[in-house]
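Engineer: need a structure here:
(one chain, ligands or ions: 2)
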Amino acid sequence: MAVAHPLDRYLRTDRLPTMWCPGCGLGILLGCILRALDRRIREGSLRRENVGFAGGIGCSARMTLYPYFDSAHVIHGRAIPFALGVKIVKPEMKMIVVGGDGDIAAIGGNHILHAIRRNADLVVIMANNMIYGMTGGQQAPTTPRGLYTTTTPYGNPEREINIVKLAAALGANYVARGSVTHTPLLEQMIYKALGKRGLAFVEVLSTCPELFGRHIGFRSPVDLYSELRKRVVVKTRPSVEESDYSWERGFVIGEFVDRDEPGFIEVLQEYTSRARGGAG
Ligand SMILES: Cc1ncc(C[n+]2csc(CCOP(=O)(O)OP(=O)(O)O)c2C)c(N)n1
Ligand code: SF4
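Structural biologist: Numbering: from 1, shown residues only. Ligands and ions are numbered 1, 2, ... in the order given. You can find the predicted model right below:
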């Protein structure tokens, strides 16, 4: 007899199993997102029909295929403008963008920059597995310096992006870094992000055992997961300056920014009303 999982009602179960490799961290992240949504829906602060997902291309962005909500799987790097377009015409929607570090910080880097600058009313969840997973383990802007990838066989010579600092500097209302190794905290961050106006950015350290872990010497998904867990440093309300992102010094997780400035949609509506001759 098939046993129903408590989250089945939020999943397109006909699409399961997922395309992810066994032991991939992305399943853990999907569970956290769905549990956070479930809490919001049960308490009445979100309506299920007003939740939408958008993702570009990559193993992480592919996540948008599984939740049983309105969702769009768009071209690589362009999920943010797609989601913002939806939000402008349907402001009642809570748009969640899910993508990898390549999708959001590399090819989508320009879009994330301007979405944050606008404090666009989106929840952006960037799954950071430190490489391009789907295409074969190439170096990403998030790859820690020195590490082997398939395109940096002598080690990555580049400085890695600390996207927490970028999001904080450009004025996002909420900036957090979580990890699939610390799920109650991650679920709480996503829950919080879902309740914010303006841009809520959650970077999620995730594991790609297949094309990152194996290549740097971790033979099993558990080995990589345990290694990441050791390198994660949990801090309560750390400052942005404390947001270390480094293979050697560790990866600081926590809530770095939590403010409540008006979001882009509110401001846009004010200007639209002014343009139409309203009091504005
Ligand atoms: C315009 C365009 N350029 C390049 C690609 C090839 N491509 C597909 S996924 C991907 C990178 C994915 O990396 P990331 O976003 O980190 O996701 P992951 O697979 O690691 O979750 C690339 C370069 C593409 N599909 N479209
Ligand atoms: S390639 Fe990596 S990120 Fe993609 S599904 Fe496999 S383990 Fe996950």
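Engineer: Can you give me the buried ones in stretch 270-279?
Structural biologist: Judged by neighbour count using 16 or more other Cβ atoms under 10 Å, stretch 270-279 contains no buried positions. Every residue, glycine included, has its C-beta placed from N, CA and C.
Engineer: looking only at pLDDT, what's the mean for it?
Structural biologist: For stretch 270-279, mean pLDDT is 88.
Engineer: Convert the C-alpha atoms of that stretch to PDB, please.
Structural biologist: Output in PDB follows, covering the C-alpha atoms of stretch 270-279 (Å, rounded to 0.1, in the frame of the first residue of the first chain):
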ATOM      1  CA  GLU A 270       2.500  55.200  -5.600                       C
ATOM      2  CA  TYR A 271       4.200  56.500  -8.700                       C
ATOM      3  CA  THR A 272       1.500  55.000 -11.000                       C
ATOM      4  CA  SER A 273      -1.200  56.600  -9.000                       C
ATOM      5  CA  ARG A 274       0.600  59.900  -9.200                       C
ATOM      6  CA  ALA A 275       0.900  59.500 -13.000                       C
ATOM      7  CA  ARG A 276      -2.800  58.900 -13.200                       C
ATOM      8  CA  GLY A 277      -3.500  62.100 -11.300                       C
ATOM      9  CA  GLY A 278      -4.200  60.500  -7.900                       C
ATOM     10  CA  ALA A 279      -3.100  62.000  -4.600                       C
END
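Engineer: how far is that stretch from where the chain is centred?
Structural biologist: Remark: stretch 270-279 is offset 34 Å from the chain centroid, using Cα atoms, centre = their mean, to the nearest Å.
Engineer: can you check stretch 237-254 too?
Structural biologist: The chain centroid and the centroid of stretch 237-254 are separated by 17 Å under Cα atoms, centre = their mean.
Engineer: just stretch 136-155 next, same as before
Structural biologist: 21 Å.
Engineer: pLDDT of it, averaged?
Structural biologist: For stretch 136-155, mean pLDDT rounds to 98.
Engineer: And for stretch 109-127?
Structural biologist: Throughout stretch 109-127, pLDDT has a mean value of 98.
Engineer: does ligand 2 sit close to it?
Structural biologist: No - figure legend: stretch 109-127 not in contact with ligand 2 (Cβ under 6 Å from any ligand atom); closest approach 8.1 Å.
Engineer: Stretch 145-159 too?
Structural biologist: No - on the criterion Cβ under 6 Å from any ligand atom, stretch 145-159 is out of touch with ligand 2, staying 11.8 Å away.
Engineer: As CSV, could you dump the C-alpha coordinates of that stretch?
Structural biologist: Backbone C-alpha positions of stretch 145-159 (Å, rounded to 0.1, in the frame of the first residue of the first chain) are rendered in CSV as follows:
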residue,chain,number,x,y,z
ARG,A,145,39.6,29.9,-4.1
GLY,A,146,42.0,27.1,-4.6
LEU,A,147,39.5,24.3,-5.1
TYR,A,148,39.6,21.9,-8.0
THR,A,149,36.8,22.1,-10.5
THR,A,150,36.6,20.6,-14.0
THR,A,151,37.5,24.0,-15.5
THR,A,152,40.2,24.8,-12.9
PRO,A,153,42.2,21.6,-12.7
TYR,A,154,45.1,23.3,-10.9
GLY,A,155,42.7,25.0,-8.4
ASN,A,156,40.5,28.0,-8.7
PRO,A,157,42.6,31.2,-8.9
GLU,A,158,39.7,33.6,-8.5
ARG,A,159,38.3,35.3,-5.4
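Engineer: How about the helix or strand where residue 204 lies, which residues are buried there?
Structural biologist: Element membership of residue 204 [criterion: DSSP states H and E] is strand 200-205. Neighbour-count burial for strand 200-205 flags 200-205 (criterion: 16+ other Cβ under 10 Å).
Engineer: Residues contacting it, please?
Structural biologist: 29, 116, 122-128, 163-164, 167, 172-181, 186, 189-190, 192-194, 228, 232, 251, 253 (Cβ atoms under 8 Å, 6 or more residues apart in numbering).
Engineer: And stretch 68-84, by the same measure?
Structural biologist: 9-12, 37, 48-49, 51-58, 61-62, 64-65, 95-99, 103-104, 106-109, 111-112, 115, 120, 122, 124, 264.
Engineer: what do you get if the cut-off is 7 Å, keeping everything else the same?
Structural biologist: Stretch 68-84 has contacts (Cβ atoms under 7 Å, 6 or more residues apart in numbering) with 10-12, 48, 51-57, 61, 64-65, 95, 97, 99, 103, 107-108, 111-112, 115, 120, 122, 124.
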